[in-house]
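Peer 1: quick one: sequence and predicted model below, then my questions.
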Amino acid sequence: RLNVSKNEITDFDGQILSNLIRLTYLAIDHNRLHSLIKLGRSLTLIELYAGNNLIKNIRDIFHLKPLSNLLILDLWGNPICHEAEKYRLFIIYHLKALRAFDGYAVEIQESGEARETFGGKLTPDFIVEKLGHSNFSEIKQLELPQCSIRGVELNIQFLALKCVNLEHNQLTNFSGLIHLPNLKILCLNYNRIESILYRPSRPRVDNRGKPIIENVDNRVVLENLEVLHLAYNNITDLIGLQLNKIPSLRSLFLQGNEITKIEGLEALRNLRELVLDKNKIRVITETSFFFQTNLVELHLEENRIRELSYFDRMIKLEKLFLGSNKVQEISEIEKLTPLICLGELSLINNPVSRKTIYRFFITYRLPQIQILDEQLITEEDRFRAEIYYAETSQAAGVPGTVNEIFPGLLTTAQQQQQQQQQQQQQQQQPMRINQVAYNDGYGTSNLIDQIRYRQMQIRIAAANISNPNNNSNGKLNNARFLPNDR
C-alpha cells in the first residue's frame with residue numbers, strides 16, 4: 001500500500017511504480033497531477049485514488065486500460081468530472097473491470113447503458129485508443145476492419161485522411177464519414193450498407209397515420225471520393241443507396257449483392273470502372289447505362305443475363321466481362337459491334353461459348369477484340385477465322401478460292417500452284433463461275449480477270465447482306481469489267 005495524498009506532487013517517476021510489483025493500493029489524491037499517463041505502469045493495482053488533482057483530458061483514462069485488476073477508482077474533484085460529456089458512462093465503458101467508481105458501485109444497468117452509448121462507435125476517442133495518439137491532422141490512412149463498428153462520428157479534424165478501410169463491420173450507412181473532404185478511397189465491403197445517409201426503415205406518419213412528406217436531401221457529399229467498395233452488403237436497391245450524392249466516383253465495386261436492376265447511376269458520369277459480378281441481374285434496360293459514356297471497364301459476371309442490348313452507348317468501353325451468364329445466341333454478340341474500343345471480352349461459361357462458330361465469329365466480326373475469354377487472339381486465330389468464313393461463303397454459293405477472297409494470304413508459290421491447277425481444269429472443261437460461262441471476248445485465258453470478277457462478286461454479295469435494300473441483287477454490269485476498261 002502507498003499513500004502520498006495531500007502533497008504538492010506534479011509528476012513522478014513511472015519507473016518507481018513499475019518496480020513496486022506487489023503494490024495493490026495507491027492514494028495520490030489532493031495533489032497537482034495533470035495526467036494519468038505514468039500510473040499505467042503499476043500493473044498490480046486494485047485500488048487507485050486520484051481525486052482532486054488537475055486532470056482535464058478524458059482520454060487519459062486510456063492509460064489505465066492495462067490495469068486489468070483495477071476494481072476501485074476515484075477521480076472525483078478533477079476538471080474532467082464536469083467538462084467531459086457523459087463522464088461516468090465513458091469511464092465505465094472503457095474500464096470494464098471496475099466495481100466501484102467515484103464512491104458509488106457500478107450497476108449492471110449502468111454497464112449496459114455505457115455499451116449502448118459508446119459501443120461500436122468510430123469516434124476520435126476510439127482512434128486515440130487504437131493508434132495511441134491524437135494527431136488527427138496527420139492521419140492519411142485508417143485501417144479498422146473487424147472492429148464491430150456500428151456507427152461513425154468523424155469530423156473535420158481528419159483533413160489529411162485519404163483512405164479508409166472499414167471492412168467486416170456492422171455499418172448500415174456512412175453518414176458519419178461525409179465530413180472528410182479529402183477522402184479518395186473508401187472500403188466498406190462486408191457490412192450492411194443500405195444508403196449513404198441515414199434512412200429510417202419506416203416512413204414517418206402524422207397523427208392520422210398518413211406518411212409525412214419530407215424534403216429530399218440532394219446535397220453532394222464526399223466531393224473527392226473516387227473509389228468506393230460496397231461488395232457483399234446485401235444491397236437490393238441501387239436508387240435507395242443514394243449514389244447520386246457522390247458524382248466524383250470513378251470506380252464502383254458492388255459485387256456479391258442482391259441487385260436485380262441497374263438503375264440510380266445517372267449522376268455518375270465520371271465512372272470509369274463498374275463491378276456488378278455475382279448479383280441477380282436479368283435484363284439490361286435502355287436507361288441502365290444511358291449516362292455512362294466514359295465507362296472503360298464493366299464486370300457483369302455470374303448474373304442471369306440473356307440479351308446484350310443497350311451496351312452501345314458505352315463508346316469508350318475497353319473491357320467487358322460477361323462470364324457465367326445465360327447468353328445463348330450468336331446474334332446477341334453481334335450487338336457489341338458498335339463498341340469500337342473494346343479490346344477484351346469474356347463470355348466464358350455462357351451457353352453461346354460452347355458453339356463451334358463462337359470464337360471464329362468474334363474474331364472475324366469484332367476485329368477490335370485482342371483478348372477473348374482470357375486468351376490472346378493471335379494472327380493464326382484470325383487466319384483460321386478468315387479461312388472458316390471463306391469456306392462458309394463458298395458453301396453458301398459465294399464462289400472463289402481463299403486467295404481470291406483474301407488476296408495476299410497465300411504465298412507466291414501457293415498462288416502459282418493454284419493457277420496451274422486452274423489452267424488444267426480450263427483445258428478439261430469450260431470455266432464457270434456461279435453458273436455464268438466466260439467466252440473468249442471476256443478473256444477466258446486471262447486468270448487475273450477471272451479472279452477480279454470473283455472478288456467483285458463476293459464484294460457485291462457482302463454488300464447485299466449488309467444492305468438488304470440494295471437493288472443490284474448481286475448482278476454485275478459486265479460492261480464495267482471488260483478487259484479494256486480496267
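Peer 2: Received, thanks. Residues are numbered from 1 along each chain as shown.
Peer 1: average pLDDT across stretch 122-141?
Peer 2: Average pLDDT, stretch 122-141: 89.
Peer 1: now that stretch: buried residues?
Peer 2: By 16 or more other CB atoms under 10 Å, the buried positions in stretch 122-141 come out as 122-123, 125-128, 136, 139. Glycine gets a C-beta too; all of them are placed from N, C-alpha and C.
Peer 1: out of the residues you listed, who's nearest Phe90?
Peer 2: Asp125 (7.9 Å; CB to CB).
Peer 1: may I ask you to confirm that the closest one belongs to a strand?
Peer 2: No - under DSSP: H, G, I helix; E, B strand; the rest coil, Asp125 sits outside any strand and is assigned helix.
Peer 1: re earlier: can you put the buried residues of stretch 122-141 in JSON lines and add distance to Ile284?
Peer 2: Converted to JSON lines, the buried residues of stretch 122-141 look like this (distance: CB to CB, whole Å):
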{"residue": "Leu122", "distance to Ile284": "38"}
{"residue": "Thr123", "distance to Ile284": "43"}
{"residue": "Asp125", "distance to Ile284": "47"}
{"residue": "Phe126", "distance to Ile284": "43"}
{"residue": "Ile127", "distance to Ile284": "43"}
{"residue": "Val128", "distance to Ile284": "48"}
{"residue": "Phe136", "distance to Ile284": "45"}
{"residue": "Ile139", "distance to Ile284": "42"}
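Peer 1: could you single out the nearest of these to Leu308?
Peer 2: For the buried residues of stretch 122-141, the nearest to Leu308 is Leu122 (42.7 Å; CB to CB).
Peer 1: who touches the closest one in this structure?
Peer 2: Leu122 makes contact with 144, 147, 149, 151-154, 166, 176, according to CB atoms under 8 Å, 6 or more residues apart in numbering.
Peer 1: how about a cut-off of 10 Å?
Peer 2: Leu122 makes contact with 130, 142, 144, 147, 149-154, 164, 166, 169, 171, 176-177 under the criterion CB atoms under 10 Å, 6 or more residues apart in numbering.
Peer 1: now restrict these to buried residues only.
Peer 2: Applying 16+ other CB under 10 Å to these flags 142, 144, 147, 149, 151-152, 154, 164, 166, 169, 171, 176-177 as buried.
Peer 1: so which of these comes closest to Trp76?
Peer 2: Gly151 (30.3 Å).
Peer 1: without its sequence neighbours, what residue ends up closest to the closest one?
Peer 2: Distance criterion CB to CB, 6 or more residues apart in numbering; nearest residue to Gly151, sequence neighbours excluded, is Lys121 at 5.1 Å.
Peer 1: OK, contacts around that neighbour?
Peer 2: Contacts of Lys121 (CB under 10 Å, 6+ apart): 149-153, 176.
Peer 1: specify the beta-bridge partners of the most centrally placed residue in the chain.
Peer 2: Compute the mean C-alpha point of the chain, and by CA atoms, centre = their mean the closest residue is Phe253, 1.8 Å away. Following DSSP bridges, Phe253 is listed with bridge partners His229, Val275.
Peer 1: Arg1 touches Leu48, doesn't it?
Peer 2: No - Arg1 lies out of contact with Leu48 (CB atoms under 10 Å); the separation is 11.8 Å.
Peer 1: and those two? Which one has more around it.
Peer 2: Ranked by neighbour count (other CB atoms under 10 Å), Arg1 and Leu48 place Leu48 first, with 23 against 9.
Peer 1: so Gly112, which of the three states?
Peer 2: Secondary structure, three-state DSSP: Gly112 is helix.
Peer 1: export stretch 183-196 as CSV, just CAs?
Peer 2: Taking Å, rounded to 0.1, in the frame of the first residue of the first chain, the C-alpha atoms of stretch 183-196 are listed here in CSV:
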residue,chain,number,x,y,z
LEU,A,183,-11.3,11.1,-48.8
LYS,A,184,-10.5,9.3,-52.1
ILE,A,185,-10.8,5.6,-51.3
LEU,A,186,-13.5,4.1,-49.1
CYS,A,187,-13.8,0.4,-48.5
LEU,A,188,-17.0,-0.9,-46.8
ASN,A,189,-17.1,-4.5,-48.0
TYR,A,190,-19.0,-7.0,-45.8
ASN,A,191,-21.1,-4.5,-43.9
ARG,A,192,-24.9,-3.9,-44.0
ILE,A,193,-24.9,-0.7,-46.0
GLU,A,194,-28.4,0.4,-47.2
SER,A,195,-27.7,4.1,-48.0
ILE,A,196,-25.1,6.8,-47.8
